[in-house]
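1. What shape does this take:
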Amino acid sequence: MKDIKKIEKGVTLILEGIGEDPGRPGIRATPKRVARMLTEILGGTDREATRNLRIIEDEKHDEMVLVKNIPLYSMCEHHLLPFAGVAHVAYIPKAGRIVGLSKIARVVEAYARRLQVQERLTKQIADLLDSHLKPLGVMVVIEAEHMCMSMRGAKKPKSITVTSAVRGSFRRNPATRAEAMMLIRGGSFSGKEL
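-> Numbers count the residues shown, from 1 in each chain. This is a model prediction of the structure:
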């Protein structure tokens with residue numbers, strides 16, 4: 001559970017620490033706004049990632065399932081700056097066991113809305129799907145821009161960090177991994193095709 005008052009006190013101390021007057025009209029409400037923002041964007045800390053991740057009964061599918069370009073926003077735990085990008089999540093069902101597609105996006109969101117590093121985020125998603133669905137294989141690829149690299153330090157905006165985690169058949173079979181990467185890199189569906 002988040003402690004709003006403690007967050008507000010911390011933001012006030014930060015404002016004072018950088019030489020601002022927390023009573024100044026333009027920033028008087030900033031501690032409250034930042035506290036509300038942080039409880040929203042870090043709401044995954046209190047959320048169980050497997051919630052709603054149920055197998056769909058009476059459906060059988062044994063080919064690759066890929067949900068790509070899932071938007072994600074997270075906070076770097078090292079500098080408390082955001083990183084944003086997309087996740088691509090593929091799995092090959094075992095015994096036809098599939099889940100609702102939106103549930104995969106919710107898993108990504110539950111883990112992204114925490115203080116994170118991209119490498120751990122990628123692994124957490126893959127490990128959860130692997131243990132919960134028990135598929136033949138799982139592959140997660142995340143592409144993101146980190147504000148801690150774009151705004152400060154190296155100051156290299158538009159630099160993209162790519163991480164991947166592969167389990168099962170995606171690890172053992174190079175052709176399966178290549179097929180998933182081709183589908184990820186392939187053209188995007190715009191809806192105009194309909």
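
2. My guess is T45 contacts Y111. True?
-> No. T45 is not in contact with Y111 according to C-beta atoms under 8 Å; the separation is 10.1 Å. Bear in mind the C-beta positions are built from the backbone N, C-alpha and C, glycine included.

3. higher neighbour count, these two?
-> For T45 versus Y111, neighbours defined as other C-beta atoms under 10 Å are more numerous around Y111 (22 against 12).

4. Let me see the residues that make contact with whichever strand or helix holds the more buried one.
-> Using DSSP states H and E, Y111 sits within helix 101-112. Identification of contacts with helix 101-112 by C-beta atoms under 8 Å, 6 or more residues apart in numbering yields 44, 47-54, 65, 67, 70, 72-74, 87, 89, 121, 124-125, 128-129.

5. mean confidence score for it?
-> Computed over helix 101-112, the mean pLDDT rounds to 96.

6. I'd like to know which of the contacts of helix 101-112 are buried.
-> Neighbour-count burial (16 or more other C-beta atoms under 10 Å) is assigned, among the contacts of helix 101-112, to 44, 49, 53, 65, 67, 70, 72, 74, 87, 89, 121, 124-125, 128-129.

7. contacting residues around L80?
-> Per C-beta under 8 Å, 6+ apart, neighbours of L80: L115.

8. let's see it at 7 Å
-> By C-beta atoms under 7 Å, 6 or more residues apart in numbering, L80 lies in contact with nothing.

9. ok, which stretches of the chain are strands?
-> 65-76, 82-92, 115-116, 137-146, 161-168 (DSSP state E).

10. gap between the residue nearest the centre of the chain and L13?
-> Nearest to the mean C-alpha position of the chain, counting by C-alpha atoms, centre = their mean, stands A112 at 3.5 Å. For A112, the distance to L13 equals 27 Å [C-beta to C-beta, to the nearest Å].

11. Same check on K155?
-> Distance from K155 to L13, by C-beta to C-beta: 27 Å.

12. ok, now N173?
-> Between N173 and L13 the computed distance is 54 Å (C-beta to C-beta).

13. For the protein, give me the ranges with low pLDDT.
-> For the chain, the stretches flagged by pLDDT under 70 are 187-194.

14. what sits opposite A165 in the beta ladder?
-> Per DSSP bridges, the residues bridged to A165 are V140.

15. Could you report the neighbour count for it?
-> 23.

16. wait, isn't it in contact with K123?
-> Yes. At 4.9 Å, A165 counts as touching K123 under the criterion of C-beta atoms under 7 Å.

17. what's the distance between the closest residue to L38 other than its chain neighbours and D130?
-> Leaving aside its sequence neighbours, L38 sits nearest to I7 (C-beta to C-beta, 6 or more residues apart in numbering; 5.8 Å). According to C-beta to C-beta, I7 and D130 sit 35 Å apart.
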